[in-house]
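Novice: Below are the sequence and a predicted model; questions follow.
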Amino acid sequence: AYNQDTPTTDMGADDTAADTWDDDFAEAPKSSGLAAAAVEDDDYDFGDDGDWGDDLDDLGDLGEPEAAAKAAPVDEMADLIGVADDATFSMPTAGKPAAGCWVANSSHAADHIAAGGASSAMQLLNRQIAASDFSVLKSTMISTYLGAMLSVPGIPGSPSMSMPLMRNDAGGHPGKESLPRTSLKMASLVAGIRNGYRSFQGGKFNDSKNCFIDVMMKIPLVITDNKREGAEMKEMLEICREYITAIRIKGAMAEAGPNPVRSTELSAYFTHCNLQPVHLLLALRSAMGTAYKHKNFIVAAGFARRLLELPDMSSERNADLRVKATKVLQKSEQMGKNEHQLNYDESVGFSIDCKEFKPIPTGSPCVKCSYCGSQYSDATMKGKVCLTCTLAAVGVQTIGLVTGS
């Protein structure tokens, strides 16, 4: 055990201590008895050689360390030798956005609306057709704007991407010559007019009027592909004007009530609207009955004569009407006079005043709507909104409807 009182051995006694330890090991007695037997029993048979062997013989080729040390170092800057000292990054030339190209490439209001240029589109419509009340075009303009862009969703957490839709990219991207794809087509106009015809045939005049007004509001924002479609669209505009005028006259007939003079005159004007033959047949039948009831036999005979000249009167389904018209014509020719003085002469060409619903003789001064062509004999209507289309100003001279870009 360690004794604190034992003095520390002097460093000079190292050699003596070493000699002492060596003598102890030299004089140590050799093991004998059971201890010697235990040592002999722990011997193992290591084979003939009894050496360590080489455990690293089967590790394969580990390379030549000397060759690796002699490999030439890689120059990481070798690819930059050809770069000039003054080389800098240059930004690519900025392109023009699609909306800017659309406005610059077209004089049609629909293209400007598609580009988001509502102000420039309204200026174009005002210059071309004297449009003044744009509230009636609001829904059509919004649909035109929304239909020209495509929203593509991105990855989660990123915003959607807006992509322009173009109508002249069939052969590749048009670049600066791009034009937008609009949602309104000729097919939608044709479908609207057919719906108006169907409602008119069934006597649903308010529904029919709404259909024709809807078509009239779409026409300024439809772009045609060729001149033939442009002519067809202008013809559709005239059809809408005639049917809207006829329906307004029909409403005035209901307001005239028992007044024999005014009801007969309005029924006569109703037959001078440019209607389809099947609808003109209904108008003439109504006018003939009204005139005959009020004993205005001269005009009743004229309506009966015009009715019998229609091609549809030869069909079997109109056999009863043909018989009635023949009898009315015979009776009216026998009586040969009108009971009332009427502001109507079928032998004189005239247009219909779309405000007063009275005839405007051919060649008489009048003011017209710059868009739909409705005529007014009252000069005070100049500068006011047309009562037929409710869009354009009356009496303003313009270039007219633009159908292509």
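Specialist: It's in.

Novice: Going by C-alpha atoms from here, please, whenever you check contacts or count neighbours.
Specialist: OK.

Novice: hey, where'd the helices end up in the stretch 301-405 of the chain?
Specialist: Per DSSP state H, counting those that start in this stretch, the stretch 301-405 of the chain carries helices over the ranges 319-335.

Novice: Next: the chain.
Specialist: Applying DSSP state H to the chain gives helices spanning 14-27, 34-41, 65-70, 98-105, 109-114, 118-129, 138-146, 186-201, 205-218, 227-256, 260-270, 277-293, 297-308, 319-335.

Novice: ok, and which of these has the densest surroundings?
Specialist: Highest mean neighbour count among the helices of the chain (mean count of other C-alpha atoms under 10 Å): helix 109-114, with a mean of 30.

Novice: my guess is Trp269 contacts Asp353, does it?
Specialist: Not quite, residue 269 is Tyr, not Trp. No: because the distance of 9.9 Å does not satisfy C-alpha atoms under 8 Å, Tyr269 is recorded as not touching Asp353.

Novice: Common neighbours of those two, please.
Specialist: Jointly contacting Tyr269 and Asp353 under the rule C-alpha atoms under 8 Å, 6 or more residues apart in numbering are Pro359.

Novice: returning to what we had before: could you redo the helices of the chain as TSV and give each row mean pLDDT?
Specialist: Compiled in TSV, the helices of the chain are given as follows (pLDDT from 0 to 100):
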stretch	mean pLDDT
helix 14-27	45
helix 34-41	44
helix 65-70	54
helix 98-105	87
helix 109-114	94
helix 118-129	95
helix 138-146	93
helix 186-201	96
helix 205-218	96
helix 227-256	95
helix 260-270	95
helix 277-293	95
helix 297-308	95
helix 319-335	94
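
Novice: Pipe the ones you listed into CSV and attach distance to Ala170 per row.
Specialist: Rendered in CSV, the data for the helices of the chain read as follows (distance: least, C-alpha to C-alpha, whole Å):
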stretch, distance to Ala170
helix 14-27, 106
helix 34-41, 99
helix 65-70, 61
helix 98-105, 16
helix 109-114, 18
helix 118-129, 26
helix 138-146, 21
helix 186-201, 20
helix 205-218, 26
helix 227-256, 21
helix 260-270, 48
helix 277-293, 42
helix 297-308, 52
helix 319-335, 55
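
Novice: now for those helices, which one comes closest to Pro92?
Specialist: Relative to Pro92, the nearest member of the helices of the chain by C-alpha to C-alpha is helix 98-105, separated by 17.6 Å.

Novice: same for the closest one, what does it pack against?
Specialist: Helix 98-105 is packed against helix 109-114, with contacts defined by 3 or more C-alpha pairs under 8 Å, 6 or more residues apart in numbering; DSSP states H and E.

Novice: Any idea which of the helices of the chain gets closest to Asp378?
Specialist: Checking those against Asp378 by C-alpha to C-alpha gives helix 227-256 as the closest, at 16.8 Å.

Novice: chain center to the closest one: distance?
Specialist: Shown here is helix 227-256, whose average C-alpha point lies 28 Å from the average C-alpha point of the whole chain (C-alpha atoms, centre = their mean, to the nearest Å).

Novice: Next, the angle from it to helix 186-201.
Specialist: Per axes from the mean of the first three to the mean of the last three C-alpha atoms, to 10 degrees, the angle that helix 227-256 makes with helix 186-201 is 30 degrees.

Novice: Who are the packing partners of helix 227-256?
Specialist: In terms of contact count using 3+ C-alpha pairs under 8 Å, 6+ apart, helix 227-256 is assigned the packing partners helix 186-201, helix 205-218, helix 260-270.

Novice: Mind putting the ones you listed into JSON lines with distance to Pro180?
Specialist: Formatted as JSON lines, the entries for these read as follows, by distance: least, C-alpha to C-alpha, whole Å:
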{"stretch": "helix 186-201", "distance to Pro180": "16"}
{"stretch": "helix 205-218", "distance to Pro180": "17"}
{"stretch": "helix 260-270", "distance to Pro180": "42"}
